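> this is a predicted model, with the sequence first.
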Amino acid sequence: MGTPCWSLCLWLWLMYAGVECLPNVRLRSRQEPEVQRATTITIQFYIDNTINETDENIKKWIDMVILWAKYDLQQYFEIQFELLTRITSGKEEPDLMNKLHPYGHQYLEPETAIHTITDHFKEKKHPDIVCLVTDYTISNWYSVIKAYGYSSEQAKTLCESGVSMLLAYAPSQETLVGKMLYAMILNSMNTDKVPKVHLSPVGDDLKKVEEYLGECGKPFPDEGEKPKPAPPPSTTTTTEKPAPPAPPVPPVEPTPTEEPTTPTPEQPQPPPPVPPPPPGPVPPVPPPVDNTTTTTTTTTTTTTKA
């Protein structure tokens, strides 16, 4: 019975010694998800004065368009995207509206409109994308006819100086407009920096795309400078030898508490002496008393019966 017991003890000691001699290694749990920071693109929508619709309906329509564009971007790159939006009425930019409709035509010539928007915001603070939503027809009547959206083919400056775009307000066509927005975002990336962006990039090519998109996320006009992204939390753990427990701290004797001193009550002062009452009237003199003594003699007579 002694030999198996010693063998087991020796085996356990060797296992413990082997683990202690191993260097500290970095381990990752297979069940721990890979942490990714979402790629942020900021979009400012300006609503053309030609749209006669409530703000609530316009917001719902834009939210659906953004939903479809975000879905297509995430499916294509297989990375997380965050499309941050702001909606502004064209009435807040009257100069821009006048430049876009100088002759009152019922359509927008796309290249002219894009250059007008770009020039208007060139010297102003603006997000990654400035997009005009219009109810006018987007057409040049030969290569672009009644388009759902438009952005200049020469504009490859998404995460650099920004991009100007046009979207046609088409209720019940949110899916098509969303796909058009996705295509315009894809086409506005600088192919000199990400040459394989249109070839479903993977591996190192995808890392280049992520680095390029990391420069996006410019703040809106009413915000401060773009904050530097915080590093993602570490997904690895390091096995280290635990530190020995600290020696116990001797108990500290309680300090006797001093009883509160009660103030000595002040002794009542004796009342001041009362002055004597004033003297009353002199009593009358009593009449003189007669000191003469009167003696009364009683004579007893005895009668004897014969």
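Noted; the coordinates are in hand.

> going forward, measure contacts between C-alpha atoms and count neighbours the same way
Noted.

> the nearest residue to Met184 once chain neighbours are set aside: what's it in contact with?
Using Cα to Cα, 6 or more residues apart in numbering and skipping the chain neighbours, the partner closest in space to Met184 is Ser151 (6.3 Å). Ser151 makes contact with 110, 114, 163-166, 184 under the criterion Cα atoms under 8 Å, 6 or more residues apart in numbering.

> let me know the closest of those residues to Asn52.
Within the contacts of Ser151, distances to Asn52 taken as Cα to Cα reach their minimum at Leu166, with 17.5 Å.

> Glu111 versus the closest one, what's the distance?
According to Cα to Cα, to the nearest Å, Leu166 stands 10 Å off from Glu111.

> the more surrounded of the two?
When neighbours are counted by other Cα atoms under 10 Å, Leu166 comes out ahead of the other of Leu166 and Glu111, with 27 against 17.

> partner strands of the strand or helix carrying that one, with direction?
If you go by DSSP states H and E, Leu166 is part of strand 163-168. When sheet partners are counted by DSSP bridges, strand 163-168 sits next to strand 129-134 (parallel), strand 149-150 (antiparallel).

> contacts for the shortest one?
So the one you mean is strand 149-150. When contacts are defined by Cα under 8 Å, 6+ apart, strand 149-150 is touched by residues 110, 138, 165-168, 177, 180-181, 184.

> hang on, the earlier thing: out of the contacts of Ser151, which are buried?
Neighbour-count burial (16 or more other Cα atoms under 10 Å) is assigned, among these, to 110, 114, 163-166, 184.

> need the contacts of strand 149-150 in CSV (columns: pLDDT).
Converted to CSV, the contacts of strand 149-150 look like this (pLDDT from 0 to 100):
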residue, pLDDT
Pro110, 95
Ile138, 96
Met165, 98
Leu166, 98
Leu167, 98
Ala168, 97
Val177, 97
Met180, 97
Leu181, 98
Met184, 97
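
> relative to Asp128, which of those is nearest.
Closest approach between the contacts of strand 149-150 and Asp128, by Cα to Cα: Met165, at 10.7 Å.

> quickly list what that closest one is bridged to.
According to DSSP bridges, the residues that bridge with Met165 are Cys131.

> for stretch 140-148, how far is the first residue from the last?
Across its full length, stretch 140-148 reaches 13 Å between end residues, using Cα to Cα.

> and it, what's its mean pLDDT?
Throughout stretch 140-148, pLDDT has a mean value of 93.

> return the set of buried residues in that stretch.
Neighbour counts over stretch 140-148 (16+ other Cα under 10 Å) mark 140, 147-148 as buried.

> just the helices in the stretch 1-150 of the chain please.
Assigned by DSSP state H, counting those that start in this stretch, the helices in the stretch 1-150 of the chain fall at 2-21, 55-77, 94-100, 110-121.

> not counting its neighbours along the chain, what's nearest Ser188?
Beyond its immediate neighbours in the sequence, the residue positioned closest to Ser188 (Cα to Cα, 6+ apart) is Lys156, lying 4.3 Å away.

> does the one you found touch Asn187 like I think?
Yes: if you go by Cα atoms under 8 Å, Lys156 and Asn187 touch, sitting 7.1 Å apart.

> show the pLDDT at Ala306.
As predicted, Ala306 sits at a pLDDT of 40.

> one step back: how about residues contacting the strand holding Leu166?
Among residues not part of strand 163-168, those counted as contacts by Cα under 8 Å, 6+ apart are 110, 114, 117-118, 128-138, 147-152, 155-157, 177, 181, 188.
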